[in-house]
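Novice: requesting a structural model of the entry that follows:
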Amino acid sequence: MRKMAFTLAEILITLGVIGVVSALTIPMLIDRWQYARDSESLKVAYSTLSQGFQKMMADSEVNDMTATTIWFDQLSKNFDDSAQDARQFKSYFNTLVAVPYERQVQEGWPDGGKTFTGEKCTKFVGMGSAWYKRNRKECIGLRQQVYRLNNGTLIRMGFFNSYPESNEPSCKIKKIVAEITIDVNGPAKPNVFGEDAFEFFVDQNGILHPIFGLEYAKYVAAVYGKDYKDYYWYGIDDGADRCRTGNGRACAAAIMEMGWKINYTQITKPPQ
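Specialist: Purely as a prediction, here's the structure:
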């Protein structure tokens, strides 16, 4: 009986097909793994911070962040005592100061929430206080204290008393008391807003709200007399997707409304 065998040509063709399929599918699998990993890291950081703010209020026996001991202390110091910040926030968030504010000033880190290009970006992006826009050509920098969670996540956080109060009954956000940016994979790339860096505000009740989320949009509309649709991550009237086509700062809101799933190929208009 004649034995059946593959020819060299058939083997090479099979290997070629396997190579093509692998080239197409492996990057997709890696992307999915990274999306899942980063989504979980973002949820962990969000939960850690949320619990910490609630504990702050409980320790001060108040239900308003502006009445807590730490909030007053942070405002009075204005990033001037990194050692004390490290002690305070370790007890509430289990964090350590990663890059003190004083060092950022000395080294000339990008500041003011402004857009920068060139060396300012390449030198400081990834250190916890500046990130690229989605175009990866420009970065936005804002000097604040930078902390590190146990899993390597970087947290840029600052407390402020400069935001106006809202008296609008329908607004859940009455006052913004802190700004936070979460970089889920620390110094590792891509260091881009909306891909591994996500922005939040903390309200008077210690609740984190994503920038350009619905509650943030309502707050801006109430205190500044604006149309909330102009500040919502998905402009309802014109369908302007500010996550995929903008600078990436609205992606935290998009991700939260989509069930904490970081996957930009599936971002759609949220249910109304």
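
Novice: contacts and neighbour counts: CA atoms only from here.
Specialist: Fine.

Novice: what helix or strand does Ser39 sit in?
Specialist: Assessed by DSSP states H and E, Ser39 sits inside helix 8-60.

Novice: what's the next secondary structure element after that helix?
Specialist: Once the chain leaves helix 8-60, the next helix or strand it forms, by DSSP H and E, is helix 69-77.

Novice: picking that back up, tell me the mean pLDDT over the helix holding Ser39?
Specialist: Per-residue pLDDT values across helix 8-60 average out to 73.

Novice: quick one: the strands in this protein, in order.
Specialist: Defined through DSSP state E, the strands belonging to the chain, from first to last, are 96-99, 114-117, 130-132, 138-141, 145-148, 154-159, 176-183, 197-203, 208-210.

Novice: next, format those as JSON lines and append mean pLDDT.
Specialist: Formatted as JSON lines, the entries for the strands of the chain read as follows, by pLDDT from 0 to 100:
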{"stretch": "strand 96-99", "mean pLDDT": "87"}
{"stretch": "strand 114-117", "mean pLDDT": "93"}
{"stretch": "strand 130-132", "mean pLDDT": "94"}
{"stretch": "strand 138-141", "mean pLDDT": "93"}
{"stretch": "strand 145-148", "mean pLDDT": "91"}
{"stretch": "strand 154-159", "mean pLDDT": "92"}
{"stretch": "strand 176-183", "mean pLDDT": "95"}
{"stretch": "strand 197-203", "mean pLDDT": "95"}
{"stretch": "strand 208-210", "mean pLDDT": "96"}
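
Novice: most packed of those strands?
Specialist: Mean neighbour count, computed with mean count of other C-alpha atoms under 10 Å, is highest for strand 130-132 among the strands of the chain, reaching a mean of 30.

Novice: what sits up against that one?
Specialist: Outside of strand 130-132, the residues within contact range by C-alpha atoms under 8 Å, 6 or more residues apart in numbering are 110, 121, 124-125, 138-142, 191-193, 197.

Novice: repeat the analysis, applying 6 Å as the threshold.
Specialist: Taking C-alpha atoms under 6 Å, 6 or more residues apart in numbering as the criterion, the residues outside strand 130-132 that touch it are Val125, Glu138, Cys139, Ile140, Gly141, Asn191, Val192.

Novice: and stretch 200-212, by the same measure?
Specialist: Contact partners of stretch 200-212, identified using C-alpha under 6 Å, 6+ apart, comprise 53, 64-65, 173, 175-180, 199, 231-233, 250, 252-253.

Novice: beta partners of the residue nearest the centre of the chain?
Specialist: The centre of the chain sits closest to Phe198, judged by C-alpha atoms, centre = their mean, with a distance of 1.2 Å. On the basis of DSSP bridges, Phe198 is bridged to Ile182.

Novice: cheers, nothing more for now.
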